[in-house]
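Asks: Starting from these lines, generate the structure:
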Amino acid sequence: MIRLAIFASGSGSNAQNIAEYFSESNDIEVSLILSNNSKAYVLERAHKLDIPTAIFSRDSFYKSEEILKVLANNKIDFIILAGFMWLVPRYLVEAYPNKILNIHPALLPNFGGKGMYGDHVHKAVKAAGETESGITIHYVNEKYDEGNIIFQAKCQLTSSDTPETIAEKVHALEYEHYPKVIETVIQKSFKNY
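Replies: Have a look, this model is predicted:
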């Protein structure tokens, strides 16, 4: 069984979607949900799904390797970022080479980087007058949104779209594609496992 840890900072709708997708799998399971926000709704979702959780502070994440111990104790094979707002530190990237995935709510390399998350992205896409947006699923490295791209999906935009309607279109792509891409990447990664 390949064991996933999901890192999330907020509501956790993507985390729940991923957990539900793999709930019937014989090969992959969401074994742990971690958050840097003790009030994040993702923790409530995890509780309802009967998935263990861990909460950590900025100091423990950046000034220690405590998270590695938590991941090792839970025998985590792969890390999935789903609305996680902090830059992943080098020690974690090195411990999980090509085994940390992120989803970004735009077509990278456009509209990426520090501060470009959630509604900030959709507002920037609207302000730029873009005719399409979408999602990018990529490996995580030590810089925001600069890891190698694995998959992109697009949605068409019209002049009547608002940041809110752009967000709805992008969320639909996230829910449709993220779990399937995770599954494909893991199967390729562990075929000789």
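
Asks: And for stretch 97-107, what's in contact with it?
Replies: For stretch 97-107, the surrounding residues in contact (Cβ atoms under 8 Å, 6 or more residues apart in numbering) are 14, 77-82, 84, 88, 92-93, 112, 116-118, 121-122, 125, 132-140, 145, 147, 150, 152, 154, 167, 170, 174, 178, 181-182, 185, 189. Every residue, glycine included, has its C-beta placed from N, CA and C.

Asks: what about that stretch, start to end distance?
Replies: For stretch 97-107, the first-to-last residue distance is 23 Å (Cα to Cα, to the nearest Å).

Asks: repeat for stretch 58-69
Replies: The straight-line separation of the ends of stretch 58-69 (Cα to Cα) is 16 Å.

Asks: picking that back up, select only the buried ones of the contacts of stretch 97-107 in PyMOL?
Replies: Buried members of the contacts of stretch 97-107, defined by 16 or more other Cβ atoms under 10 Å, are picked up in PyMOL with:
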select buried, resi 14+77+78+79+80+81+82+84+88+92+93+112+116+117+121+122+125+133+134+135+136+137+138+139+140+145+147+150+152+167+170+174+178+181+182+185
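
Asks: Now, the contacts of stretch 97-107 that are in strands?
Replies: 78-81, 132-139, 150, 152, 154 (DSSP state E).
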